[in-house]
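K.L.:
fold the stuff below for me.
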Amino acid sequence: MKYEITREPLALESLIEAVRTDACGAVVAFLGVVRELGDGDQPVDGLSYEAYPAMALPEMRAIGEEASHKFGEARLAIAHRIGDLRLGEASVAVAVAAPHRGVAFDACEYAIDQLKERVPIWKKEHFRSGEARWRPNAPRP
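P.N.:
Predicted coordinates for the structure are as follows:
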């Protein structure tokens, strides 16, 4: 599978190609993008992401392996972008291929939730007011 942290724009198609095989009848992809409202209710101009790749990549790989074992026969690829991102730019991508759609959807949801909870990646919200605030990744509410 494929796991990466990059400063380059994310290429969802390359992640899909990394996991797809003729044995897989389902491919599910998730793309997280920078939205106008940050984790609070203040509008943002963009986000900055930082990561600790020496720890983040092995943890991403572990999440992929866990999801594959937990949901059976799932193939995963995960990529996270670091650096400064503007509104609408993709910050994280997950692609999952599996023989059946239920497995693919479940493994994808598991992977993104675990990534947000466990992988050492931090984001800084840049508010339109000129203020900025660092926020750790966190599981969904």
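K.L.:
report the central residue of the chain.
P.N.:
By Cα atoms, centre = their mean, the chain has its centre lying nearest to residue 92, at 3.3 Å.
K.L.:
that one contacts residue 47, correct?
P.N.:
No - using Cβ atoms under 8 Å, residue 92 makes no contact with residue 47, being 11.1 Å away. Yep, even glycine has a C-beta here, placed from its N, CA and C like the rest.
K.L.:
still on that earlier bit, okay, and the residue nearest to the centre of the chain sits in which element?
P.N.:
strand 90-98 (DSSP states H and E).
K.L.:
only C-alpha atoms, please: export that strand in CSV.
P.N.:
The C-alpha trace of strand 90-98 is given here as CSV (Å, rounded to 0.1, in the frame of the first residue of the first chain):
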residue,chain,number,x,y,z
ALA,A,90,-7.0,18.9,0.1
SER,A,91,-5.2,18.2,3.3
VAL,A,92,-5.8,14.4,3.7
ALA,A,93,-6.7,11.6,1.4
VAL,A,94,-7.6,7.9,2.1
ALA,A,95,-8.3,5.3,-0.6
VAL,A,96,-9.5,1.8,0.2
ALA,A,97,-10.1,-1.1,-2.1
ALA,A,98,-11.9,-4.3,-1.0
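K.L.:
output the below-cut-off pLDDT ranges for the chain.
P.N.:
Within the chain, the segments meeting pLDDT under 70 span 38-40, 136-141.
K.L.:
residue ranges of the strands in it, please?
P.N.:
Along the chain, counting by DSSP state E, strands occupy 2-6, 26-33, 44-51, 75-81, 83-86, 90-98, 121-127, 132-136.
K.L.:
contacting residues for the closest residue to residue 67 other than its chain neighbours?
P.N.:
Nearest residue to residue 67 in three dimensions, chain neighbours excluded: residue 107, at 4.2 Å (Cβ to Cβ, 6 or more residues apart in numbering). If you count contacts by Cβ atoms under 8 Å, 6 or more residues apart in numbering, residue 107 has them with 28, 67, 68, 70, 71, 74, 76, 96, 98.
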